[in-house]
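1. Sequence and computational prediction follow.
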Amino acid sequence: MDGHSNKLPGMESWRLLVSPADSGARNLATDQAVAEHVRDGASPPTLRFYTWRPAALSLGYGQPLAAVDADLARQAGIDLVRRPTGGQAILHNDELTYAVMLPRAHALAAGGVLRSYKRLSAGFQRGFAALQLDARQDDWRPGASDGGGLLCFASPSTHELSANGVKIMGSAQTRLGGGLLQHGSIPFAHDPRIHDVLRLPRPAALRGLRDLRTPAPTVGALIEILATGFAEALRVILVPGGLTPTERRSRDQLIRTRYACDAWLARR
């Protein structure tokens with residue numbers, strides 16, 4: 001997208017990062033490194049999109065590793081990683097992931113987690129509307145979920161988006177020293193192996209974007225649609241960019257000291 005066109009007075013410039021497919025450890029380390037630099041004012045507010053290769057099962061910050069059949073995951077070629085954010089497990093495979101990073105005092109981060117969730121989700125609602133999907137932040141009740149509370153897409157929450165009765169975006173947020181990091185998954189289709197790896201019975205198939213739109217957009221087209229809707233709804237200008245040298249160094253250090261470490265994966 002052309003980040004320099006149609007800028008109106010008072011609109012804030014954000015960086016748009018579109019990353020190539022990468023491992024679970026590198027993806028999560030990148031999110032944290034960027035969030036810390038944005039928090040400290042060294043980088044601008046950032047919207048990032050990325051995919052995963054190989055497939056990776058990400059656990060929420062507080063989820064026990066004991067819930068996972070780690071041997072089966074390895075045999076299936078599935079990475080195991082732990083997010084810095086909460087929520088339930090996601091098997092990242094046939095999907096697009098987004099991340100939003102904001103500094104401490106940003107207006108979109110004000111008022112606590114739920115209020116900021118609602119504001120940021122409204123940005124993505126505009127993008128889904130361009131796909132003729134009436135995405136809503138429904139008044140869901142998490143107690144109605146299945147999967148023993150282990151599966152993100154079996155456990156809808158009030159801040160997350162659904163369309164036609166299908167949860168189409170699962171998100172989680174944390175505050176890193178006051179700065180905001182929110183990231184989330186938009187599945188084209190759900191990989192049923194997540195039930196095996198979490199030792200759960202396979203239910204009826206969960207539905208993804210391909211079940212709602214045929215043909216579904218490509219990854220590149222979906223990024224363009226969501227980025228455009230997000231910028232319009234939140235009145236920001238997205239300027240395509242890349243990681244800075246200091247962000248890359250921070251990412252590489254976080255891979256070594258956290259996201260590729262057994263001690264972080266097994267934390268209680």
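-> Right, received. Where do you want to start?
2. Pull out the buried residues from stretch 197-210.
-> V197, L198, L200, L206, R207, G208, L209 (16 or more other CB atoms under 10 Å). Every residue, glycine included, has its C-beta placed from N, CA and C.
3. With stretch 72-79 instead?
-> Applying a neighbour-count criterion of 16+ other CB under 10 Å, one finds A73, A76, I78, D79 buried in stretch 72-79.
4. Can you name the two of these that sit furthest apart?
-> Among the buried residues of stretch 72-79, the pair separated by the greatest distance (CB to CB) is A76 and D79, at 10.2 Å.
5. follow-up on the earlier one: got the buried residues of stretch 72-79 as CSV, with distance to L17 and secondary structure columns?
-> Output for those, formatted as CSV (distance: CB to CB, whole Å; DSSP: H, G, I helix; E, B strand; the rest coil):
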residue, distance to L17, secondary structure
A73, 28, helix
A76, 29, coil
I78, 25, coil
D79, 21, strand
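6. okay, now A67: neighbour count?
-> Residues contacting A67 under the criterion other CB atoms under 10 Å number 16.
7. That one and A89: what is the separation?
-> Distance of A67 to A89, given as CB to CB, to the nearest Å: 8 Å.
8. likewise A25?
-> Going from A25 to A89 by CB to CB gives 16 Å.
9. next one: S58
-> 7 Å.
10. before we move on, what about Q173?
-> Distance, Q173 to A89, by CB to CB: 17 Å.
11. Can you list the neighbours in contact with the longest helix along the chain?
-> For the chain, the longest helix by residue count, based on DSSP state H, is helix 113-130. For helix 113-130, contacts defined as CB atoms under 8 Å, 6 or more residues apart in numbering pick out 98, 100, 108-110, 134-137, 158-161, 163, 168-169, 171, 173, 175, 180, 182, 225-234.
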